[in-house]
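A.B. asks: fold the following for me, if possible:
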Amino acid sequence: MSETVPDLVTMLTELIATPSVSCTAAHWDQSNLNVINKLESWLSSLGFKTEIMPIPGHPEKANLIATLGSGPGGLVLSGHTDTVPFNAELWNSDPFQLTEKDNRFYGLGTCDMKGFFPIAIEAARKFTDQALQQPLIILATADEESSMNGARALAEAGKPKARYAIIGEPTSMRPIYMHKGMMMESVRVTGSAGHSSDPGLGSNALDAMHSVLGELISFRKELQRDYQNSDFKVSVPTLNLGCIHGGDNPNRICGACELEYDLRPLPGMSADLLREAVFKRLSPLAEQFNVEIKAESLFPGIPAFHNDKHSELVQTAEKLTGYQAEAVAFGTEAPFLQDLGMDTIVMGPGSIDQAHQPDEYLAFDQIKPTVAILEQLIAKYCF
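C.D. replies: Presented below is the predicted three-dimensional model:
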């Protein structure tokens, strides 16, 4: 059966050539169905039972669950099918054409993270003619880079079910057992405009926003005083003031102003409680400045992820890779798979330093070792 499936480089070439940008901006956002259909064709040809799961409310998006074998345990190899937007003018090659140079494969998604799928499929080929005692599941998700709607849909559906899960995000094949959460929030201040010659003719949203900024900076200091985890390179929760927009002319009282910020909590910190704390701090400013203050989430957020550092999968991955498990600041789909009851880690080829960058690449020397490690994991957990 495997003769009908292209070789690893051909699969990677085809995936990179298939655009699947996901973005909160509608003019960038694209369907991932062409990528899903390619993966489904290859995996079904290898004997996998495949299910394409449409994302509720997003008919142009879907997940793929491909299963080889059956049983109560097994292993999930998971990746997302979407990429971030890109600046083509900053690339030295076509982002949608796989380019080989300096012992690297260049292209949008080579490391983050379309490149994981051909590697996982290559590892799976070795076992397609064998009777697995536990299932091997290759999982492909939608919209990881924008909303996590694919992973959320899986969690709500309660599938797939397995005992172990590896998310192949680029970690240079270092096992990751913990990461921070991610919240993207906005604060909108609405005052009333008027002629700048008389401040009493309006309520200045920028004046109020100045105090909003002060409260958030004070809140950040308190969080970093009260919460630390030395396993992280940045050991404290971070709050980044990302962008601000307001007003329209120097001689008008600013009628509206909006701030967007990013908050990355440590494991054990509740996003809902953090939002509640921000609301309590900002609410008194509305009366003080005679404005309306509205705090909203830009997306539901990514929970922090924390596995037991001594779990079966963590220890096995450490032995196979020779690296100690680490903690990272970036978010992944790991908490959603963990919520399905799986012993979960993040571990994949390529460096996170290349993700979301012009001239993104996957180094040749990452590929064969990753295939070999995945083969060992399949042999251990599917037989």
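A.B. asks: name the element the residue minimising distance to the centre of the chain belongs to?
C.D. replies: Centroid check for the chain by Cα atoms, centre = their mean gives residue 332 as the closest residue, at 4.0 Å. Using DSSP states H and E, residue 332 maps to neither a helix nor a strand.
A.B. asks: separation between it and residue 144?
C.D. replies: Distance of residue 332 to residue 144, given as Cβ to Cβ, to the nearest Å: 8 Å. In this view, the C-beta of every residue, glycine as well, is placed from N, C-alpha and C.
A.B. asks: also residue 258?
C.D. replies: 26 Å.
A.B. asks: for residue 135, same thing?
C.D. replies: 23 Å.
A.B. asks: could you do residue 372 as well?
C.D. replies: Counting by Cβ to Cβ - residue 372 and residue 144 are separated by 26 Å.
A.B. asks: these two: which is more packed in?
C.D. replies: Using other Cβ atoms under 10 Å as the criterion, residue 372 and residue 144 rank with residue 144 on top: 28 against 12.
A.B. asks: what's the closest non-adjacent residue to that one?
C.D. replies: Of all residues not flanking residue 144 in the chain, residue 80 sits nearest, at 3.4 Å (Cβ to Cβ, 6 or more residues apart in numbering).
A.B. asks: list the contacts of the one you found.
C.D. replies: 113, 140-145, 150, 333 (Cβ atoms under 8 Å, 6 or more residues apart in numbering).
A.B. asks: make CSV from the residues you listed and add distance to residue 216 and secondary structure to it.
C.D. replies: As requested, these are exported to CSV (distance: Cβ to Cβ, whole Å; DSSP: H, G, I helix; E, B strand; the rest coil):
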residue, distance to residue 216, secondary structure
113, 32, coil
140, 38, strand
141, 32, strand
142, 32, coil
143, 28, coil
144, 27, coil
145, 26, coil
150, 31, helix
333, 28, coil
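A.B. asks: most neighbours of all those, which one?
C.D. replies: residue 142 (32 neighbours).
A.B. asks: that residue: what's it in contact with?
C.D. replies: Counted by Cβ under 8 Å, 6+ apart, residue 142 has contacts 22, 32, 36, 55, 58, 61-63, 80-82, 149-150.
A.B. asks: repeat that for residue 137.
C.D. replies: Taking Cβ under 8 Å, 6+ apart, we find residue 137 in contact with 65-68, 74-77, 160, 162.
A.B. asks: how about 7 Å then?
C.D. replies: Counting by Cβ atoms under 7 Å, 6 or more residues apart in numbering, residue 137 makes contact with 65-67, 74-76, 160, 162.
A.B. asks: quick check on the nearest residue to residue 285 once chain neighbours are set aside: phi, psi?
C.D. replies: Leaving aside its chain neighbours, residue 285 sits nearest to residue 211 (5.2 Å; criterion: Cβ to Cβ, 6+ apart). Phi and psi for residue 211, reported as degrees, to the nearest 10, are phi -70, psi -30.
A.B. asks: residue 211 and residue 287 touch, don't they?
C.D. replies: No. Contact criterion Cβ atoms under 7 Å: residue 211 and residue 287 do not qualify, at 11.9 Å.
A.B. asks: neighbour count: these two, which is higher?
C.D. replies: Per other Cβ under 10 Å, whichever of residue 211 and residue 287 has more neighbours is residue 211, with 16 against 9.
A.B. asks: ok, now how distant is the more buried one from residue 186?
C.D. replies: Counting by Cβ to Cβ, the separation of residue 211 from residue 186 is 17 Å.
A.B. asks: can you map out the helices along the stretch 201-350 of the chain?
C.D. replies: For the stretch 201-350 of the chain, helices defined by DSSP state H, counting those that start in this stretch occupy the ranges 205-226, 271-289, 312-321, 334-339.
A.B. asks: and the next helix or strand past the top strand by length along the chain?
C.D. replies: Looking across the chain with DSSP state E, the single longest strand is strand 58-68. Counting by DSSP H and E, the next helix or strand C-terminal to strand 58-68 is strand 75-80.
A.B. asks: now do that next one, average pLDDT.
C.D. replies: For strand 75-80, mean pLDDT rounds to 98.
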